[in-house]
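Peer 1: Compute the structure for the input listed below.
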Amino acid sequence: MPDNELPGFLIIGLIFVVADGQILYRGARRDLTGPDAREGSGSVAWMVVTVFHLAAIGMLALLAVVAPEWSGSAAAFVGRLGVFLLLMAVAHVLTLSVLGHRRQDHVVETRLRKREEDRVDSVREPTVTPVPGQEGRNPQVSPDLGDRGPYQA
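Peer 2: The predicted structure is shown next:
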C-alpha cells in the first residue's frame, strides 16, 4: 500500500471500529441490565466489546500490510475497505452472539432464582387452618367436581 493510502485506510477503519464498538456497548449494556437494573452487567458488556475492538483493530492492521499488490488505485483501496467491512460484520455478528448467550443465561438464572424463592416461600407457610388469632393463610382447596367430588354435603 503506498504511503499516502495507509493513513487514510487506517483512519477510516478506526472510525468504523470505534463507532461499531460504541453501538455494541450501548446495546449490550441496555440488554444485559434487564428489568432488575443490575450494576455488574456493564462490566460484562465492556469486556465483550473490548475483545471486539481488539479483534477488529487486528484485522485492520493485517489488511493494511497484507498483499501490497492490491494497492495503487482507488478501486484497490475501496476493495480493501470492503473486505475489512465484511470481516468487521462477521466480528459484529459473533459479538452479538456472545452477548445474546449471556443475556439468555441471565434470563434463565433470574427465572430459576424466582422459582426457588417461590418454592421456599410456599414451604414456610402453614398448610393447616390457623387457630383464631394465629397468623397464617387459610388453606385453599379445589372446587367440587360434581356428584362424585370429595366434598359432598
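Peer 1: Report all helices and strands that the longest helix along the chain contacts.
Peer 2: Across the chain, the longest stretch assigned as helix under DSSP state H is helix 74-124. Contact here means 3 or more CB pairs under 8 Å, 6 or more residues apart in numbering; DSSP states H and E; on that basis helix 74-124 packs against helix 5-33, helix 41-65. C-beta here means a position set from N, CA and C on the backbone, and glycine is covered the same way.
Peer 1: how close does the closest residue to Y25 other than its chain neighbours sit to F9?
Peer 2: Nearest residue to Y25 in three dimensions, chain neighbours excluded: V49, at 4.4 Å (CB to CB, 6 or more residues apart in numbering). Distance of V49 to F9, computed by CB to CB, to the nearest Å: 23 Å.
Peer 1: now T95
Peer 2: On the measure of CB to CB, T95 and F9 end up 23 Å apart.
Peer 1: got it, and Y25?
Peer 2: Counting by CB to CB, the gap from Y25 to F9 is 24 Å.
Peer 1: next one: G72
Peer 2: 13 Å.
Peer 1: thinking again about what came up before, could you figure out how far the longest helix of the chain is turned away from helix 5-33?
Peer 2: 10 degrees (axes from the mean of the first three to the mean of the last three CA atoms, to 10 degrees).
Peer 1: can you put the helices and strands packed on helix 74-124 in TSV and add mean pLDDT and distance to L86?
Peer 2: Supplementary listing: these in TSV, determined by pLDDT from 0 to 100; distance: least, CB to CB, whole Å:
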stretch	mean pLDDT	distance to L86
helix 5-33	86	12
helix 41-65	86	10
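Peer 1: okay, these in JSON lines with distance to A91 next?
Peer 2: Shown next, in JSON lines, are the helices and strands packed on helix 74-124 (distance: least, CB to CB, whole Å):
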{"stretch": "helix 5-33", "distance to A91": "8"}
{"stretch": "helix 41-65", "distance to A91": "5"}
